Every structure is written in C-alpha cells, then in structure tokens.
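> quick one, fold the following:
(chains A and B)
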There are 2 protein chains.
Amino acid sequence: MIIDVHGHYTTAPAALGAWRDLQIAGLKDPSKAPRAADLRISDDELRESIETNQLRKMKERGSDLTIFSPRASFMAHHIGDFETSSAWAAVCNELCYRVAQLFPAHFVPAAMLPQSPGVAPATCIPELTRCVEQYGNVGINLNPDPSGGHWTSPPLTDRSWYPLYEKMVEYDIPAMIHVSTSCNACFHTTGAHYLNADTTAFMQCLTGDLFKDFPTLKFLIPHGGGAVPYHWGRFRGLAQELKKPLLDEHLLNNIFFDTCVYHQPGIDLLTRVIPVKNILFASEMIGAVRGIDPTTGHHYDDTRRYIEACAHLSDEERFLVYEGNARRVFGRLHRQLQAKGL
Amino acid sequence: MIIDVHGHYTTAPAALGAWRDLQIAGLKDPSKAPRAADLRISDDELRESIETNQLRKMKERGSDLTIFSPRASFMAHHIGDFETSSAWAAVCNELCYRVAQLFPAHFVPAAMLPQSPGVAPATCIPELTRCVEQYGNVGINLNPDPSGGHWTSPPLTDRSWYPLYEKMVEYDIPAMIHVSTSCNACFHTTGAHYLNADTTAFMQCLTGDLFKDFPTLKFLIPHGGGAVPYHWGRFRGLAQELKKPLLDEHLLNNIFFDTCVYHQPGIDLLTRVIPVKNILFASEMIGAVRGIDPTTGHHYDDTRRYIEACAHLSDEERFLVYEGNARRVFGRLHRQLQAKGL
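This next block holds a predicted model:
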C-alpha cells in the first residue's frame, strides 16, 4: 500500500471559497456573515471534485491512500479572530470528513485547527477532539505562525502549546507543522514561507528539550524538511555547539520528514542523509507546483518516481517510506486499517 | 589561488564588543555613548587576532585569500537608529580595512552598511562610497531584514533599494545578501534566520523582474543558497507557474551561491544541481559551526575538503569554484589582483 501523508483539499467546490469570502466580508459588515448551514455542497459535487483531480492522479501515479486535510494556504489563521477561525475550521474539516466517507479506501482525514494569533493554542482542543472522536481524523496540521508571516507566536517549545501536545499524545496523533498563507510581502507563500517554517520549526525543536517532556510526541515536517536535510551537517554542528545529544537521539525519535521535494537530486539527498525510518512518502498533490518538469516530462510533484529511482533504497526501505513509517507515525491510521483487515 | 568569498571578523579584539556595549548603553543614557576615537585597538592586537585564528586555519586548509567583512551577527541593524548603525558600521568597516592593510595578500575587505529599520537604503550610500573609494572594498553585505527577524522592510525588488543597486552597478560590486542577529524568539540566528533569509531573498528575486532593470547587478546568496538548491525542482516549477523565464535566464546571470554547506552530501547536491559558473567557494570560517564532525574527524566548516571530494567536478570546474567565478563576480577584486600581477 502506498500512503501519501500530505494531501490538501485544494480542489473543493467554488461554494467553499464563496462562503469564506462572505465570512471575511462579515468581519466588516456582520449582516453579511454566513451561517455554517448556508454552505451547501452536495455529495455529487464532492465526488466530482475528487474523482477528476486527486483520485485520478492517485490512480495514474499508483498511490492508494491520502491523508487529507483542508487546503493549507486557505487556513489563513491571521484573518479575523478565534470565532472566525473556529467557524472556518469546522466547515473545512467537515468537508474533508465527507470526502473520506465517500472514498473510504482512498482518503483519511487530518484536521486544521482554529488557531488565531495571540489566542492560546488550548482553545483548539474542542475542534481537535471533535475531529478525532467524531470524524476519525488521524492527525492535525499545526501552524507555528498563525500570524501569517509575522511570527508573533512563541516557539513550538513554549509551554503555551503543551495542552495541545498532551491531547496529541493522548490520542496518538502526530502534527504536521504547516503554515498557511503569508500576509508578509517579504515571504512568497509556497516558495519561501512554507520552507522557512519547516526549517524554523526544526531549529526550535533542536534548541529546546520538548521531547524530554513528551517522549511520544510526533511532528511531521513537510516539504522534505525545508532546508534541514541539505544543511544536515550545519544542524549536527549546531547541536554539538549547544551541547545537545546527537540528532538521532535528540530529535529523530519524534521528528519525521515527508518527501515533498520536487526533483531527483533533492530526494536522493533526503534519502541518503536522513534515516529511512524518518521519511514518509508524500506529494502534496494537487498543490503549489502543478506543472510538468520539462527536463523529465513528468509532473514535478509526482514524487513516487523519484523514490522509485533511488537505487540505494532496498525494497524493505521503500516499504517503510511508502507505508511502514506512516503506520508507525499515524497510529490511529494503522489501527483503522487493521480494523479493515489491512 | 583559492578565494574564500565569505569570511567575517568574528575574532575581533574584545575592545570592539566593549565599545558596542557602551554604544548600546548610550541609547538610554547618552552620557555613556562612546566616540569613535574611544576605540583603541593596536595593529599588534589586530595581527594576533587574525594570525592565531583565520589566517592559521587558511594556511592549514589551503585557502589563500578571504573576502572579509564585519561579523554578520553583530551588525544588529535593529539596535538604535540610523546614527547608531552609522557609527557602528564605520568602526567595524575600518577594522576590516586595517586587517586587509596588515595582510594584503590574504584579506580584502567587504563592507557592512549602516542600515536601520524603516530608514531608506539610500542613506547607506555615503558609507558604501567611503568603503569602496577609500578602503578598497570589493563588495557589500546587504541585510534584507534590518529589523532582525520581523521582516518589516519591503522585498529586495522594491524600488526603495534601487539607489543602492545603482551604486553597486556603478562600482561593479556584488552584494552578499546576509541578515544579522534575530531578535525574534521564533528564529535561531544561524540555524533558522540565516537560511530562511537566503531562501526568501531568492524567491523575492524569482517573483520579481529586478534583473531586467539591473542586468549587471549581482547578488551572492550565502549558506549554499538556504533551501534553494535542495528544492531546485520546486523553484523551477514555481517560476513556470508564474510564467517566468527558465531560471538559468531569469536569475542565474545575477545570482550566485556560496559553498557554506557543512557536509559532503549537501555540497554534492549543490555542485550537481546549480551550474558551476554560479558557485563560489566559501567557508564562513570562523563562524557559526566551529566543531569537528565526529563522522569525518574534520571541521564541519572545512568546506574545501568537500569540494575536493566531488568526483564529478573537473579541474577546470574546480578552478571556477575556487577562483574564476570570484574574479568574475567581484570585478574590483579581479582588477586589484591584476594590478598586483596576479
């Protein structure tokens, strides 16, 4: 089985965007604010949006199951306040749940949280609980910068995040550390802010001792870990300067990287530098980079091709990247699959 | 000749730091503010700080000439105002000039600028002019985020930067795009902020058309380009989505990367993915990562070893990385060397 641990519902029917536009308009003129019930998207519309997009490409590319969360760039936690994010997260998470209900063999949901700048992360626990207990979510996306590129929240090692971590550990769900749209003109969303956040989150964990407090907490750092594997020597050296344990022991029982790196040399480096047990297959399809690479004739984000082409990986290692590691990191997914005899 | 294009005066005598401490104290209590003339460091002290540190290691490692600028993390443009930065830059640039005078065969100066958050970059031109015309500087360090991790300045493509670029083009000097200390708790200075800034600057250039306006402007992106070479497929794909030309044409006549990547797999990727004509040898020694890599027994920042070990590089390509490209990018350096018969 090939499990893609990083998919977003980037192709939701236009009614979702229209609802969000009204919600944003309602921040200035409350008479325009929509109720959750005003969003009407039929099962047929959901089915079509998936069958003609993600599911079609999954079949073409040979992946079986996608961990599916709301569109990352649309989370936009910087808009409005906690109530705004709360209503928006509820709507988006419900759609991913419905997709998973319609295609139970191919999609399993992960939740966005109703984060808001300056608001305690603990306020996200009710939505997290609802998504896990009622919707069967197997993971969450945690935004380390709800301000959208101004980085006004404390680092992930700060105790204000701990209530969320306690809940994650209790439920055995990992967090993908994923920012949203940048509203800082310095940072292009998918070309700078996403990668910077990956690097930043890793370094926050490196300087701290978070995993001493939460030995079973799991973070998935997307986009191949930002700059981290490319600069692995730098990070090993910085850990040494800071008198931290070796990274294997200090971070690699808790931090994992996905394979959203869109060329062969990048995947080669990732799979040579980072232990295979810490690498999870992903494509972020359909996402930021949708084109065909003229140097290969294939889609940039068809990451399975790169994994297949890594001659240094054994079949057993490839199994770990495709399936085994995902079952270990996403414990609830593994148990859901087992319950189905998979 | 082996030219290291990225060295900072990290080992300046303690009197420099003491002067800066007084300058900072003077922001609250002007009676404490020192005059430039209060800083007294003898030639012998300068000589010793270099001979026992950078020059010793250059000889051990076999590099000949270092482009030498004030300590990056100490620029701290976020402290005080333009007058503060102006006095501090003058003091620091003078020290690098004196080092170059004392060791003319081994050090050539590059300037820090007296940037200050919210202050027009054009205000840096007098210091730039002084450093080029009186001190023989061959390049500058340009901080894309003088706020120190809050990213409150406009992107490098903004017209407010243009007066500086005009001067750079007139003098034929490149800018190394280098941030300073982070005062944002989210960003570790050397483990996150530096790398993020590299990626951010590249993406700012990718989304803009700066080099149409300045076809001969040259930016050196340090630390191996942050996350850029590792994600080269992503950046090629994003350029394609944005209907930009191929990166070779769009950016690679103007953007160059250094080799401050502290392990062999990173340097292997850099030199395979980025055209050799765009790669300049550097170590940032003595800098952020000073230890010995237990997996190799050599210093992490002894980057020459990695270049030597790249079996895919020809002697001619290695010459370009070590010397040829530096002479092309740092035109004034080339002419200074020619004048000496080198």
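> may I have the secondary structure class of the nearest residue in space to A:Ala122 that is not next to it in sequence?
Closest residue to A:Ala122 apart from its sequence neighbours, by C-beta to C-beta, 6 or more residues apart in numbering or on different chains: A:Pro163 at 3.8 Å. Glycine gets a C-beta too; all of them are placed from N, C-alpha and C. Under DSSP: H, G, I helix; E, B strand; the rest coil, A:Pro163 falls in the helix class.
> chain B contacts on the stretch 201-342 of chain A?
A:203-204, A:206-207, A:223-224, A:226-227, A:229-238, A:240-241, A:261-266, A:268-269, A:272-273, A:288-291, A:293, A:300-301 (C-beta under 8 Å from any C-beta of the partner chain).
> ok, 7 Å please
Contact residues (C-beta under 7 Å from any C-beta of the partner chain) of the stretch 201-342 of chain A with chain B: A:203, A:206-207, A:226-227, A:229-238, A:240-241, A:261-263, A:265-266, A:269, A:272-273, A:288-291, A:293, A:300.
> show me what contacts A:Ala339?
With contacts defined as C-beta atoms under 7 Å, 6 or more residues apart in numbering or on different chains, A:Ala339 is in contact with no residue.
> likewise A:His178?
So A:His178 contacts A:Ala72, A:Asn141, A:Asn143, A:Pro222 (C-beta under 7 Å, 6+ apart).
> of the residues you listed, which belong to helices?
Within the contacts of A:His178, residues falling in helices by DSSP state H are A:Ala72.
> ChimeraX command for the buried members of the contacts of A:His178?
Buried residues within the contacts of A:His178, by 16 or more other C-beta atoms under 10 Å in any protein chain shown, are selected in ChimeraX with:
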select /A:72,141,143,222
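> and the furthest pair within the contacts of A:His178?
Within the contacts of A:His178, A:Asn143 and A:Pro222 form the most distant pair, 11.9 Å apart (C-beta to C-beta).
> where does A:Gly80 fall, helix, sheet strand or coil?
State at A:Gly80, reduced to three classes by three-state DSSP: coil.
> could you check the pLDDT of it?
A:Gly80 carries a pLDDT value of 98.
> ditto for A:Gln23
As predicted, A:Gln23 sits at a pLDDT of 98.
> and A:Lys57, how many neighbours?
Using other C-beta atoms under 10 Å in any protein chain shown, the number of residues around A:Lys57 comes to 17.
> again with A:Leu22
16.
> leaving out sequence neighbours, find the closest residue to it.
Nearest non-adjacent residue to A:Leu22 (C-beta to C-beta, 6+ apart): A:Pro34, at 4.5 Å.
> again, but for A:Ile24
Closest residue to A:Ile24 apart from its sequence neighbours, by C-beta to C-beta, 6+ apart: A:Ile79 at 6.2 Å.
> can you give me the strands for the stretch 151-300 of chain A?
Using DSSP state E, counting those that start in this stretch, the strands found in the stretch 151-300 of chain A span residues A:175-177, A:219-221, A:255-258, A:279-280.
> mean confidence for the first one?
Model confidence over strand A:175-177 averages 98 on the pLDDT scale.
> repeat that for the last one.
Strand A:279-280 shows a mean pLDDT of 99 in the predicted model.
> likewise for the third one?
What strand A:255-258 shows for mean pLDDT is 99.
> and that strand, how far from the chain's centre?
How far strand A:255-258 lies from its chain's middle: 11 Å, per C-alpha atoms, centre = their mean, to the nearest Å.
> check what contacts that strand and list those residues.
The contact list for strand A:255-258 (C-beta under 7 Å, 6+ apart) reads A:5-6, A:202, A:205, A:218-222, A:224-225, A:229, A:270, A:274, A:278-280, A:282, A:325, A:329.
> give me phi/psi at the closest residue to A:Glu94 other than its chain neighbours?
With sequence-adjacent residues excluded and distances taken as C-beta to C-beta, 6+ apart, A:Glu94 is closest to A:Tyr135, at 7.7 Å. With angles defined as degrees, to the nearest 10, A:Tyr135 sits at phi -100, psi -10.
> A:Tyr135 and chain B: what is the separation?
Separation of A:Tyr135 from chain B (C-beta to the nearest C-beta, to the nearest Å): 31 Å.
> for A:Pro146, same thing?
Taking C-beta to the nearest C-beta as the measure, A:Pro146 falls 12 Å from chain B.
> helix, strand or coil for A:Ala105?
A:Ala105 is classified as coil under three-state DSSP.
> pick out the residue of the stretch 101-250 of chain A closest to chain B.
Residue of the stretch 101-250 of chain A nearest chain B, by C-beta to the nearest C-beta: A:Gly233 (2.8 Å).
> spit out the contact partners of that residue.
Contacts for A:Gly233 (C-beta under 7 Å, 6+ apart) come out as B:Tyr262, B:His263, B:Gly266, B:Asp293, B:Tyr300.
> tell me which of these fall in helices.
Short answer: the contacts of A:Gly233 in helices (DSSP H) are B:Gly266.
> how about the residues of the stretch 1-150 of chain A near chain B?
Counting by C-beta under 7 Å from any C-beta, no residue of the stretch 1-150 of chain A is near chain B.
> strands of the stretch 1-150 of chain A, start to end?
A:3-9, A:65-70, A:107-109, A:111-112, A:140-142.
> about what we covered before: now do the residue nearest to A:Glu94, the pLDDT please.
98.
> what's the answer for A:Tyr162, then?
We have a pLDDT of 98 for A:Tyr162.
> in chain A, which residue sits furthest out from the middle?
No residue in chain A sits farther from the centre than A:Ser31, which is 34.2 Å out by C-alpha atoms, centre = their mean.
> can you report how many residues lie near the residue lying closest to A:Ser69 once chain neighbours are set aside?
Residue nearest to A:Ser69 in three dimensions, not counting chain neighbours: A:Ala110, with 4.1 Å by C-beta to C-beta, 6+ apart. A:Ala110: 31 surrounding residues under other C-beta under 10 Å.
> which residues touch A:Ala110?
Contact analysis of A:Ala110 by C-beta under 7 Å, 6+ apart lists A:Ile67, A:Phe68, A:Ser69, A:Asn137, A:Val138, A:Gly139, A:Ile140, A:Asn141.
> now the two most distant members of those.
Using C-beta to C-beta for every pair in these, the one that comes out farthest apart is A:Phe68 and A:Ile140, at 12.7 Å.
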